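Novice: need a structure here:
(one chain, ligands or ions: 1)
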Amino acid sequence: MRKLLALVSFAVLPLSAQAPATPAEALPCEALRHKGNPTYKACYQRLTSATDPAVRAEGLWGVGDYRSANDAFRDALKLRPKDPAPRVRWGRMYLDHWQAGEARDLFKEAVALKEDYAPALLGMGLVAGEQFESQAIKNAEKALQSDPKLYEAHELIARVQLEDGSPEKAAAAARKALEIYPEALDALAVLGTIDLLDDKKESPWMTRALAINPGYGNAYAIAAHFFIITRRYEEGIAQYRRALELDPSLQGARSDMGVNLMRLGQEDEARKHLEQAYAAGYQNPETVNSLRLLDSMKDYVTFKTPTTILVLHKKEAALLRPYFQAEFDRALATYEKKYKFKLKKPVQLEVYPNHEDFAVRTLGMPGLGALGVTFGYTVAMDSPSGRKPGQWHWASTMWHELSHVYALEITGHRVPRWFTEGLAVYEETAAAPDWGDRLDPGAIDAIKKKTLLPVTELDRGFMHPTGPNQVMVSYFQGGKICNFIDQKWGYDKMIAMLHDFAAKMTVPEVIEKEFQMKPEEFDRQFLAWLEPQTAKTVSSYDDWRKRIKGVSDSVKAKKWDDVIKEGEAIRDSYSEYVEMGNVYDFLAQAWLAKGDKAKATKELETYSRIGGRDPETLKQLSALQTEQGRKKEAAATLERLNLIYLEDEAAHSRLGALDLDLGNSAGAIREYQSVLQLKPLDPAAAHLGLAVAFKTANRPDDAREEVISALEAAPGYKPAQKLLLELSGKE
Ligand SMILES: [Zn+2]
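Specialist: Numbers count the residues shown, from 1 in each chain. Here you go, the predicted structure:
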């Protein structure tokens, strides 16, 4: 290996065993750029007049003229339709220009032309790596099989391993790259990053990289990426600053820094860097969307208390505020006690009714369908109005995210992803048993196929999932591990673990210290604990699936006796299923059709207790409970609905009436005010309800004001006239 290097040292870059994808004419320019020699641009400039379009494309790309380079690559493909090389180079340019989809197509075409073409396989790996897909390593390994000298493939493996939280494997891969090519800058940067993540101020690896190329700011941009994905935002931003000091033209780093400053609420500086990157031509979706989001922030209002900063969209602020503020305060007070930890500053909670705005906040973060994201002291989440009613539980999500704030702070942002997620999932159901997620088909499948990950590898399930379900399954598994720890050793063990992670202990070290066993033994005991809880559902799941379909068909055919017989037979084999088409809803419909309201209520109560979230079903349950004179239960059902969905005028109005009957004037005031926020068809009734609530709460002036509003909306409204007289008579 070393011998080959000596032979090619004139070109700086090592020759691969296969013909390189880059045309020979461009190699000297690439070598100059690699060394940070500023004449590289002039070198590329010379290529822009080459007759071979593939060479011309390299030159145009090298000077940053992507559009003309694109045309030149197109010509190159026409000229050499069977050659995979220009396709791969074109793909690499797309990758450089944040168009991973186009890049992937070109790499695929190249592989179709030559299936063991290492540069194309590497390209596929790079695309997968950018998108946090699990095939990144597989593709890199395939590329290495066909070209063992392809040091970039080892660099890719190093990055992915470090993303998965395996610094040892990452370092080993980086060293392999350096064995092939001692000047592999990204490999040096990964090794340097491992030192920096370990709290070393400087790293000899970084020094070595800068000795090769003094302007290699990308070394610190790579480090910044790893600080950010491990949620160490402040430190990540500091690394971006170092990167930009060395190379102010690194617009990608500048944009990333802007995005992360925005996440931390430092909006002015964020805007400055994002605008600068944009003006310099770096107009990738992240930059454009973040600037757009900063512009839309003028539509948000901020409410502050000594411990909380609540940011709501002005169109729904009045409706959301009482409910959100109450849960926000309650969660912080609960966690302060549970975690035995006082936060150093107020937490900022931002609630986005427009999912796209929220999505901008989560950019670059792996994981599907996020509802909330925590960046240190800033939490961003969807608004209940931003998604389909009943699709999720906003209070549960809020408590989940606020748990992250504590886990991140206590550990100095050193908590592994799986543990902070597991703890947050655990806290959801600890707050209320009907919150949080239930055992879902993805988890059932993973348990059946034994694909739950060992605890030491669980981060991989979040970072580079192998299938569409693995992220969700990993949340489930993390949560269950915390349940297991809580039941077997007690809650304080989890707090102890946070402090261990703060002391920079690894997962195996923490497990050995806290549980006196090896991680393998911990996995074994955990699975043995989980097995009996899930065995019934796992073993009968396939049968249940077939039969629930039959029950659904019987509902459609109104064969109520069949629904009841079969529904009751399968109900308890997968009792946690409360999503669309659940057995409780079917059974309730059947009992209602047969006139047995008590039995229907019982089914729906089970549905609600287990965590069912459909607003219509919950309203139906509350109506049944009201009819049966169980007003307290009826109110509680609607209170539950409030934590799921807030835009249901009828529900607020019914809860207001129930609260009045139950003597809960504070609740009634809040509910009637919510009705009015929703611009009801019959505002007079809502004003009157609010007036009565104020009267009960001994606030006669407010009551009178509301009665007058009621009469303004409906002048001949008798009950309002009566109340006005009553209120006047008392003076
Ligand atoms: Zn989370």
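
Novice: Just the closest residue of the stretch 251-400 of the chain to the ion, please.
Specialist: Relative to the ion, the nearest point of the stretch 251-400 of the chain is residue 400 (5.5 Å; Cβ to the ion). All C-beta atoms are positioned from the backbone trio N, CA, C, and that covers glycine.

Novice: So which residues on the stretch 351-500 of the chain come close to the ion?
Specialist: Proximity of the stretch 351-500 of the chain to the ion is assessed by Cβ under 5 Å from the ion, with 421, 424 identified as the residues in range.

Novice: Please repeat the previous calculation with a cut-off of 6 Å.
Specialist: Proximity of the stretch 351-500 of the chain to the ion (Cβ under 6 Å from the ion) is limited to residues 400, 404, 421, 424.

Novice: Contact partners for the second one?
Specialist: By Cβ atoms under 8 Å, 6 or more residues apart in numbering, the contact set of residue 404 is 374, 379, 420, 424.

Novice: Please name the spatially closest residue to it (chain neighbours excluded).
Specialist: Nearest residue to residue 404, sequence neighbours excluded (Cβ to Cβ, 6 or more residues apart in numbering): residue 374, at 3.9 Å.

Novice: cool, the first one as well?
Specialist: In space, and not counting its chain neighbours, residue 400 is closest to residue 424: 4.3 Å by Cβ to Cβ, 6+ apart.

Novice: Pull the strand or helix carrying the one you found out as CSV, backbone CA atoms only.
Specialist: Assessed by DSSP states H and E, residue 424 sits inside helix 417-431. Output for helix 417-431, consisting of C-alpha atoms alone and laid out as CSV, is shown next (Å, rounded to 0.1, in the frame of the first residue of the first chain):
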residue,chain,number,x,y,z
ARG,A,417,-30.2,9.6,22.1
TRP,A,418,-31.8,6.4,23.1
PHE,A,419,-31.8,7.2,26.8
THR,A,420,-33.2,10.7,26.6
GLU,A,421,-35.9,9.4,24.2
GLY,A,422,-36.6,6.4,26.4
LEU,A,423,-36.9,8.6,29.5
ALA,A,424,-39.1,11.1,27.6
VAL,A,425,-41.4,8.3,26.4
TYR,A,426,-41.5,6.9,30.0
GLU,A,427,-42.4,10.4,31.4
GLU,A,428,-45.4,10.6,29.0
THR,A,429,-47.2,7.6,30.6
ALA,A,430,-45.9,8.5,34.0
ALA,A,431,-47.7,11.9,33.7
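
Novice: Can you tell me how far residue 640 is from residue 554?
Specialist: 29 Å (Cβ to Cβ, to the nearest Å).

Novice: before we move on, what about residue 72?
Specialist: Residue 72 sits 65 Å away from residue 554, taking Cβ to Cβ as the criterion.

Novice: Which of the three states applies to residue 351?
Specialist: When the structure is reduced to helix, strand and coil (DSSP: H, G, I helix; E, B strand; the rest coil), residue 351 reads as strand.

Novice: Just give me the neighbour total for the closest residue to it other than its chain neighbours.
Specialist: What sits nearest to residue 351 in space, not counting adjacent residues and going by Cβ to Cβ, 6+ apart, is residue 383, at 4.7 Å. Using other Cβ atoms under 10 Å as the criterion, residue 383 is surrounded by 24 other residues.

Novice: Also residue 449?
Specialist: Per other Cβ under 10 Å, the neighbour tally for residue 449 reads 8.

Novice: Go ahead and confirm residue 677 touches residue 320.
Specialist: No: counting by Cβ atoms under 8 Å, no contact exists between residue 677 and residue 320, whose distance comes to 9.1 Å.

Novice: quick one, which of residue 72 and residue 554 is more surrounded?
Specialist: Residue environment comparison for residue 72 versus residue 554 gives the larger neighbour count to residue 72, 25 against 20, counting by other Cβ under 10 Å.

Novice: distance of the more buried one from residue 28?
Specialist: Shown here: residue 72 relative to residue 28, a distance of 19 Å by Cβ to Cβ.

Novice: mind listing what's buried in stretch 522-536?
Specialist: Buried residues in stretch 522-536, defined by neighbour count with 16 or more other Cβ atoms under 10 Å: 522, 523, 526, 530, 534.

Novice: pLDDT on the longest helix belonging to the chain, on average?
Specialist: When secondary structure is assigned using DSSP state H, the longest helix within the chain turns out to be helix 519-556. Taken as a whole, helix 519-556 carries a mean pLDDT of 96.

Novice: just checking, what packs against it?
Specialist: Identification of packing neighbours for helix 519-556 by 3 or more Cβ pairs under 8 Å, 6 or more residues apart in numbering; DSSP states H and E yields helix 441-448, helix 470-489, helix 507-515, helix 560-571, helix 583-593.

Novice: Which SSE is immediately downstream of the helix or strand hosting residue 220?
Specialist: When secondary structure is defined by DSSP H and E, residue 220 falls within helix 218-229. Sequence-wise, the next helix or strand beyond helix 218-229 is helix 233-246, with elements assigned using DSSP H and E.

Novice: and that next one, C-alpha only, in PDB?
Specialist: C-alpha atoms of helix 233-246 as PDB (Å, rounded to 0.1, in the frame of the first residue of the first chain):
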ATOM      1  CA  TYR A 233     -25.800  23.100  20.000                       C
ATOM      2  CA  GLU A 234     -23.700  25.900  21.700                       C
ATOM      3  CA  GLU A 235     -20.500  23.900  21.200                       C
ATOM      4  CA  GLY A 236     -21.500  23.100  17.600                       C
ATOM      5  CA  ILE A 237     -22.000  26.800  16.800                       C
ATOM      6  CA  ALA A 238     -18.500  27.500  18.300                       C
ATOM      7  CA  GLN A 239     -17.000  25.000  15.900                       C
ATOM      8  CA  TYR A 240     -18.800  26.600  13.000                       C
ATOM      9  CA  ARG A 241     -17.200  29.900  14.000                       C
ATOM     10  CA  ARG A 242     -13.800  28.300  13.900                       C
ATOM     11  CA  ALA A 243     -14.600  26.800  10.500                       C
ATOM     12  CA  LEU A 244     -15.600  30.200   9.100                       C
ATOM     13  CA  GLU A 245     -12.600  31.900  10.500                       C
ATOM     14  CA  LEU A 246     -10.400  29.600   8.500                       C
END
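
Novice: shared neighbours of residue 677 and residue 320, which are they?
Specialist: With contacts defined as Cβ under 8 Å, 6+ apart, no residue is shared by residue 677 and residue 320.

Novice: residue boundaries of the strands in the stretch 251-400 of the chain?
Specialist: Using DSSP state E, counting those that start in this stretch, the strands of the stretch 251-400 of the chain run over 300-304, 308-313, 347-352, 372-375, 378-382.

Novice: Which residue is the nearest non-sequential neighbour of the residue of the stretch 151-300 of the chain at minimum distance from the ion?
Specialist: Here the residue of the stretch 151-300 of the chain nearest the ion is residue 231; by Cβ to the ion that distance is 10.3 Å. The shortest distance from residue 231 to any residue other than its chain neighbours is 5.1 Å, reached at residue 413 (Cβ to Cβ, 6+ apart).

Novice: Tell me the secondary structure at the one you found.
Specialist: coil.

Novice: Next up, the contacts around it.
Specialist: Each residue near residue 413 by Cβ under 8 Å, 6+ apart is listed here: 230, 231, 232, 233, 235, 376.

Novice: low pLDDT regions in the stretch 301-450 of the chain?
Specialist: Low-confidence segments of the stretch 301-450 of the chain (pLDDT under 70): 362-369.

Novice: now do the same end-to-end measure for stretch 40-53.
Specialist: The first and final residues of stretch 40-53 sit 19 Å from each other (Cα to Cα, to the nearest Å).

Novice: buried sites along that stretch?
Specialist: Using 16+ other Cβ under 10 Å as the test for burial, stretch 40-53 gives 40, 43, 44, 47, 48, 50, 52, 53.

Novice: The residue nearest to residue 213 when sequence neighbours are not counted: which element?
Specialist: Taking Cβ to Cβ, 6+ apart, and ignoring the residues beside it in sequence, residue 213 has residue 36 as its nearest neighbour in space, at 3.6 Å. Mapping residue 36 onto the secondary structure by DSSP H and E places it in no helix or strand at all.
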